[in-house]
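Trainee: Next comes the sequence, and after it the predicted model I'd like to discuss.
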Amino acid sequence: IPKADRWPSVEKLNNERELIGIYLSAHPLDDYSVIMNNMCNTHIEEIGRGADLEKLSERDEITFGGIITSVNERFSQKTGKPFGIVTIQDFKNSGELTLFGDDWMRWNGLMKENYTIFITAKCQPRYRNSNLFELKIQNVEQLYDVKKHRLEKFTIMMDTSTVDDRTVSELVSLVERNEGDTQLYFELHTADQASVTLHYRNKGVDVDRSLLDFIANEENMEYKIN
């Protein structure tokens, strides 16, 4: 029997989702958990059909991200112009984003199936002095680029009086395996409430879900970014 090529990561996960209905072995956004959890202030389900746009307008800026699972381009019966219906999924749920006219023409190049994207938007009155609101996209970026260029510093905070050698060894091993571009720091707190910050100079770190999960599972360990 000929040896089959391994599916690329996203393709493999999509096949799992189609066969089982869920992502099983991993989630395509796992590498971007730190961005999704710390730089997004909105879940995708909040901006879909039936969204409370007036409530969203109270936010100075709306940021959300996810993986595009489908793109459907249609044409307006009234104007004949194309518009797009983009389905985006995050860790929590999925939602639809509809772009018309110039917005669709401007952003459709970044709205492709399986793209992982980060969207900055604003909810504003549709017309001057109007009570009707619309979601206006300000920028679309690839999650990869956001993580590479905007996640500059990752600091792991820990209480030295409660963290044992085994935990430190496991953490260092995990960091060594996850080499990346983000500068890594350790903020150590002692029993007398003193603290010292150390720069991990060996290499940068790739902050993925495995690292975040490790920190979350340690009672006296936290992190902060930038």
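Mentor: Arrived safely, thanks for sending.

Trainee: chain center to the longest strand seen in the chain, what's the gap?
Mentor: Longest among the strand segments of the chain by residue count, using DSSP state E, is strand 62-75. Mean-position distance between strand 62-75 and its chain equals 14 Å (CA atoms, centre = their mean, to the nearest Å).

Trainee: Sheet partners, orientation included, of that strand?
Mentor: The sheet places strand 62-75 alongside strand 82-89 (antiparallel), strand 116-125 (antiparallel), with pairing taken from DSSP bridges.

Trainee: out of those strands, nearest to Thr42?
Mentor: Shortest distance between Thr42 and the strands paired with strand 62-75, using CB to CB, is found for strand 116-125: 8.4 Å. The C-beta positions use only the backbone N, C-alpha and C, and glycine is treated the same way.

Trainee: outside of that closest one, which residues touch it?
Mentor: 28-29, 32, 35, 39-40, 47, 53, 56-57, 59-68, 88, 97, 110-111, 131-144, 146 (CB atoms under 8 Å, 6 or more residues apart in numbering).

Trainee: re the thing from before, distance to Glu170 and mean neighbour count added to the strands paired with strand 62-75, as TSV?
Mentor: Formatted as TSV, the strands paired with strand 62-75 follow (distance: least, CB to CB, whole Å; neighbours: other CB atoms under 10 Å):
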stretch	distance to Glu170	mean neighbour count
strand 82-89	32	19
strand 116-125	29	19
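
Trainee: any chance of those strands in JSON lines, with mean pLDDT and distance to Phe154 too?
Mentor: Listed next are those as JSON lines, based on pLDDT from 0 to 100; distance: least, CB to CB, whole Å:
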{"stretch": "strand 82-89", "mean pLDDT": "96", "distance to Phe154": "25"}
{"stretch": "strand 116-125", "mean pLDDT": "96", "distance to Phe154": "18"}
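
Trainee: For Lys92, see how far away Ala194 is.
Mentor: 39 Å (CB to CB, to the nearest Å).

Trainee: Mind checking which of the two has more residues around it?
Mentor: Comparing Ala194 with Lys92 by other CB atoms under 10 Å, the one with more neighbours is Lys92, at 12 against 9.

Trainee: Let me know whether that one touches Cys40 as I believe.
Mentor: No - contact criterion CB atoms under 8 Å: Lys92 and Cys40 do not qualify, at 10.5 Å.

Trainee: any weak-confidence spans in this structure?
Mentor: In the predicted model of the chain, residues 1-25 satisfy pLDDT under 70.

Trainee: what does stretch 156-175 contact?
Mentor: 184-191, 200, 205, 210-211, 214-215, 218-224.

Trainee: buried stuff in that stretch?
Mentor: When burial is assessed from 16 or more other CB atoms under 10 Å, stretch 156-175 yields the following buried residues: 156-159, 163, 167, 171, 174-175.

Trainee: gap between the two ends of that stretch?
Mentor: The straight-line separation of the ends of stretch 156-175 (CA to CA, to the nearest Å) is 11 Å.
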